[in-house]
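Q: Sequence unavailable; structure follows:
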């Protein structure tokens, strides 16, 4: 084997290893699909768990009105029906952008056929509240 052929083979193996590592990381980063929600309680519990982690000041609140299709995908455009936000416009925008990004990442949500048939096109609301930090006793 010539020196150039050996260098080309090394390059191919390194590229293959990088591609394999990137694919492995992608598989690890893909969320595990939960069991489909069969009740409204399960649906809202799943959405609430998914919405956790948005940074905000304690007491900030947003209520989102939205509709889902039979398959759990968003139907139409969600609307903010209530908000309690600080007066600083930059802080408001940052919080609302965070909530919108998290909400978009949670959909489509897995729902059963029976729940999908019952809620398809109907207005649902989800209240998102940033709770205060707990103080040690």
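A: Looks like it arrived, so ask away. Model, not experiment: these values are computed from the prediction.
Q: how does the protein divide into domains?
A: Per automatic domain parsing, the structural domains of the chain span 1-30, 40-129.
Q: if you compare the ones you listed, which one is most tucked away?
A: Comparing the domains of the chain by mean neighbour count (mean count of other C-beta atoms under 10 Å), domain 40-129 ranks first with a mean of 15. Using the backbone N, CA and C atoms, a C-beta is placed for each residue, glycine as well.
Q: What average pLDDT does it get?
A: Mean pLDDT, domain 40-129: 92.
Q: Going along the chain, name the helices of this protein.
A: 3-29, 40-51, 89-106, 113-119 (DSSP state H).
Q: can you pull the contacts of residue 45?
A: Residue 45 makes contacts with residue 37, as judged by C-beta atoms under 8 Å, 6 or more residues apart in numbering.
Q: ok, it to residue 103 distance?
A: 15 Å (C-beta to C-beta, to the nearest Å).
Q: Kindly report the same for residue 44.
A: In terms of C-beta to C-beta, residue 44 sits 13 Å off from residue 103.
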